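Trainee: what follows is a predicted protein model with its sequence.
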Amino acid sequence: MRQARTIAICLALWAFLTDFAGADGEEAAAFSHLAPHLAAEQLSHLGAHRPGLPPPALLLPLGNGVDGVLKGLRPADEARLIDGLVREGLTQQILRVGIAQVAGLRMGLIKLQAGDSGTGAFSLRALQEDAGKCLKAAFAGPLRLDHLDLWAVVPGAGEIGDERENFPVFSCSVDRSRYEFVAERADDAAGLLTRLDAVRYSPVFLRYVGGDGKNALDVPPASAYTEPEVAEQWEALLAEAQSPAASALMALQDEVRVLFHGWRNGTQVALTIDDGPHPLITPLMLAILKQNNVKATFFIVGKKAEEYPALVRMILRGGHEVGNHAYSNRRLHDLATEEAWAAVEACHRIVGRITGERMTYFRPPGGVCSANGLRAVGSLGYTTAFWTRNTGDWRKPPPEEIVHNALTGLEAGDIILMHEGDMCSVRALPRIIKGIRAMGLEPTTLGEIDRNGSALRDTPEALTELVNSQISGEE
């Protein structure tokens, strides 16, 4: 079956290339997230395709392998949600639904494949109508969920395990109370989405929407988040990093600031959560933190912030601190100095554009950073923050192991490292909070434990050597 599907895809691409053999490779390379795939196939995204019909690379069928459509967290509720969506008659294919409950709240996710499930055509109006139907099924139907994360994806350039990578081109995150408020005031799905917070329409989707772009049905509302992905301007960002001003500022960083732990004579420990925002997982964690009256530091990945801007705002509305976790998960010690600068600056600009906030702390992906990487971070005004207690939750162990790793030997000033990627972290979080307090300590943000001057200042070379000797375990 897989071989037959591969042959069909190759034939479709061959036919496409035959029609557009003269496509400009430079234009194809600008299609950032698919660049390795599209540039190799010499596909052009400018004026070469019928409006509303994307190139075959964006139409490859997606699925969830043996996992199926249900996420399996609350299968009975998830099946009811599927039934409601089927009754609504969506034009896009349903890829995944999930429902989980914490703190007395039921939260869900719906993942769709962008484009008409029969023709593949992209239509802004159809996308908005499907979004309205999904929100209705989640909030106005018998389930009456408290929160929904909804997004639509196109195929990406690579593979994740046995499944094709996918790239979100639409997203919204909505609480039921907000939905009920705006639903009473909206005439249609488009009007409803206009009144929601930070609804995302990617230019990758809008580029192929049918119509001439002059009709209101072809244009997203002014309230939407439609900024191009930073990766599409990556070469310009690298050029800026190599400019005389940026280069001179990096060269001046003979002393940088690094935070390994906080004040040891207090009662506070920092709770830090990396790799978000993440649909469903972020709202679940935020609900647990709110129930326990805890503030934490969330280290934001710039690319994920582009995809789910409403979740970034949701973190800030909860009173939490946000930190910079670079644009993607590339390790800074593997990057040239200008690339390290661009990775940090990209996330800085994205989060600033979404929230208007300026972040204080940077955590390097993987917890590793070269001396030149520290110079780049310092030149952008950040303190580089590490950790003392690594929960190892990125490996998806049982919640009991995550709790053990967080609490064993915990002392005042420690920094606990967690991640947003999986339900095991969600299930461990309330037990970690309870365990911290049972030890007479209090979880808080990095900013709080850093108030007593615990950070170190030294040369990038000296601090890099210290990082390599002190940081425990992979991030």
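Mentor: Great, that's in hand. Predicted model, so just to flag it, every value in this text is computed and none were measured.

Trainee: where does the stretch 101-250 of the chain dip in pLDDT?
Mentor: 158-164, 210-218 (pLDDT under 70).

Trainee: so who does Ala296 touch?
Mentor: For Ala296, the contact set (Cβ atoms under 8 Å, 6 or more residues apart in numbering) comprises 271-273, 289, 320-321, 443-445. Bear in mind the C-beta positions are built from the backbone N, C-alpha and C, glycine included.

Trainee: now for these, which sits with the most neighbours around it?
Mentor: Leu271 (29 neighbours; other Cβ atoms under 10 Å).

Trainee: that one and Thr444 touch, don't they?
Mentor: Yes. Applying Cβ atoms under 8 Å as the test, Leu271 and Thr444 come out as touching, 7.0 Å apart.

Trainee: identify the contacts common to these two.
Mentor: Both Leu271 and Thr444 are in contact with 294, 296, where contact means Cβ under 8 Å, 6+ apart.

Trainee: so what are the domain limits for the protein?
Mentor: Under the assignment automatic domain parsing, the domains of the chain span 2-48, 65-226, 232-470.

Trainee: of the ones you listed, which is nearest Pro56?
Mentor: domain 2-48 (4.4 Å; Cβ to Cβ).

Trainee: report the mean per-residue pLDDT for the closest one.
Mentor: Domain 2-48 carries an average pLDDT of 39.

Trainee: likewise for stretch 58-69?
Mentor: Across stretch 58-69, the average pLDDT comes to 80.

Trainee: for that stretch, list the C-alpha coordinates in CSV.
Mentor: Extracted C-alpha coordinates of stretch 58-69, given in CSV (Å, rounded to 0.1, in the frame of the first residue of the first chain):
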residue,chain,number,x,y,z
LEU,A,58,1.0,20.4,-0.3
LEU,A,59,-1.7,17.9,-1.2
LEU,A,60,0.0,14.7,-0.1
PRO,A,61,-2.5,12.7,2.1
LEU,A,62,-1.7,12.9,5.7
GLY,A,63,-2.8,10.4,8.4
ASN,A,64,-2.0,9.1,11.9
GLY,A,65,-0.8,5.6,11.1
VAL,A,66,-1.9,2.9,13.5
ASP,A,67,-2.9,5.5,16.0
GLY,A,68,-6.1,6.4,14.2
VAL,A,69,-8.1,9.6,14.5
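
Trainee: which parts of that stretch are buried?
Mentor: Using 16 or more other Cβ atoms under 10 Å as the test for burial, stretch 58-69 gives 58-60, 62, 69.

Trainee: quick one: the strands in the stretch 251-400 of the chain?
Mentor: Applying DSSP state E, counting those that start in this stretch to the stretch 251-400 of the chain gives strands spanning 256-259, 268-276, 297-300, 321-324, 361-362, 383-385, 389-390.

Trainee: what separates Asn292 from Glu88, distance-wise?
Mentor: 36 Å (Cβ to Cβ, to the nearest Å).

Trainee: scratch that, Leu407
Mentor: 45 Å.

Trainee: out of these two, which sits in the busier spot?
Mentor: Leu407 (21 against 15).

Trainee: low pLDDT regions in the stretch 351-475 of the chain?
Mentor: The low-confidence ranges in the stretch 351-475 of the chain, as defined by pLDDT under 70, are 470-475.

Trainee: try it again at 90.
Mentor: Low-confidence segments of the stretch 351-475 of the chain (pLDDT under 90): 366-370, 421, 451-454, 464-475.

Trainee: so can I have TSV of the domains of the chain showing distance to Pro54?
Mentor: As requested, those are exported to TSV (distance: least, Cβ to Cβ, whole Å):
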stretch	distance to Pro54
domain 2-48	9
domain 65-226	4
domain 232-470	16
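
Trainee: just those domains: most buried one?
Mentor: Each of those was assessed for mean neighbour count using mean count of other Cβ atoms under 10 Å. The highest is domain 232-470, with a mean of 20.

Trainee: tell me if Arg178 really is in a helix.
Mentor: Yes. Arg178 forms part of a helix when assessed by DSSP: H, G, I helix; E, B strand; the rest coil.

Trainee: quick one: it and Leu196 touch, right?
Mentor: Yes. Using Cβ under 8 Å, Arg178 is in contact with Leu196, at 6.9 Å.

Trainee: what sits against the one residue sitting closest to the centre of the chain?
Mentor: The centroid of the chain falls nearest to Lys304 when counting by Cα atoms, centre = their mean (2.2 Å). Each residue near Lys304 by Cβ under 8 Å, 6+ apart is listed here: 275-278.

Trainee: make it 10 Å
Mentor: Lys304 makes contact with 168, 275-279, 282, 311-312, 325, 327-329, 347, 350, 420, according to Cβ atoms under 10 Å, 6 or more residues apart in numbering.

Trainee: least trustworthy position among those residues, going by pLDDT?
Mentor: Asn329 (83).

Trainee: measure it to Pro155 for me?
Mentor: Going from Asn329 to Pro155 by Cβ to Cβ gives 20 Å.

Trainee: does Val169 sit in a helix, a strand or a coil?
Mentor: strand.

Trainee: residues contacting it?
Mentor: Per Cβ under 10 Å, 6+ apart, neighbours of Val169: 33, 58, 114-115, 122, 127, 151-154, 200-208, 307.

Trainee: in helices only, show me those.
Mentor: Within these, residues falling in helices by DSSP state H are 127, 203-206, 307.

Trainee: reformat these into a markdown table and put distance to Gln253 next to each item.
Mentor: Listed next are these as a markdown table, based on distance: Cβ to Cβ, whole Å:
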| residue | distance to Gln253 |
| --- | --- |
| Leu127 | 46 |
| Pro203 | 35 |
| Val204 | 36 |
| Phe205 | 40 |
| Leu206 | 40 |
| Glu307 | 31 |
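
Trainee: ok, so of the residues you listed, who is nearest Ala186?
Mentor: For the ones in helices among the contacts of Val169, the nearest to Ala186 is Leu127 (15.9 Å; Cβ to Cβ).

Trainee: spatially nearest residue to that closest one, not counting backbone neighbours?
Mentor: Spatial nearest neighbour of Leu127, excluding adjacent residues (Cβ to Cβ, 6 or more residues apart in numbering): Phe170 at 6.0 Å.

Trainee: bridging residues for the one you found?
Mentor: Ala152, Tyr201 (DSSP bridges).

Trainee: make sure it is actually in contact with Ala126.
Mentor: No. Contact criterion Cβ atoms under 10 Å: Phe170 and Ala126 do not qualify, at 11.3 Å.

Trainee: shared neighbours, these two?
Mentor: With Cβ under 10 Å, 6+ apart as the test, Phe170 and Ala126 both reach 92, 114.

Trainee: can you pull out the strands in the stretch 101-250 of the chain?
Mentor: Using DSSP E, counting those that start in this stretch, strands in the stretch 101-250 of the chain cover 105-113, 147-160, 163-175, 200-201.
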